[in-house]
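In: the following comprises the amino acid sequence and a computationally predicted model.
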Amino acid sequence: MTLSKHEQDFADALALKLRLNREARFAEARLREEYGDFRHDIAAGCVADHQKAGTAGQGLTIEAVLQDMSLMGF
């Protein structure tokens with residue numbers, strides 16, 4: 001049984017979404033293990049606040065905030 005073009009596009013999009021979600025969960029777990037839950041929650045809150053306010057630049061990620069915190073001794 002072959003899929004129509006629409007069904008194949010949907011299947012491809014769903015597979016991509018699942019892969020991206022899996023990678024995001026893996027990255028979050030890695031950052032939590034490397035920096036700790038407390039620091040990760042602070043960084044996530046910082047990013048969320050800036051995104052809500054519209055002041056988040058493209059480089060503002062949880063990983064970037066955690067690296068900056070580490071460089072500053074936090």
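Out: Nice, I can see it.
In: can we go C-alpha only for contacts and neighbour counts from here?
Out: OK.
In: and the residue nearest to L66 when sequence neighbours are not counted, which helix or strand is it part of?
Out: Leaving aside its sequence neighbours, L66 sits nearest to A43 (Cα to Cα, 6 or more residues apart in numbering; 6.2 Å). Taking DSSP states H and E as the definition, A43 sits inside helix 37-53.
In: what's in contact with that helix?
Out: Identification of contacts with helix 37-53 by Cα atoms under 8 Å, 6 or more residues apart in numbering yields L31, R32, A56, L60, T61, I62, V65, L66.
In: how about the fourth one, secondary structure?
Out: For L60, the secondary-structure state derived from DSSP: H, G, I helix; E, B strand; the rest coil is coil.
In: what is the burial count for it?
Out: 16 (other Cα atoms under 10 Å).
In: okay, it and M1: tell me how far apart.
Out: 46 Å (Cα to Cα, to the nearest Å).
In: picking up where we left off before, measure the residue nearest to L66 to A11 for me?
Out: Distance of A43 to A11, given as Cα to Cα: 34 Å.
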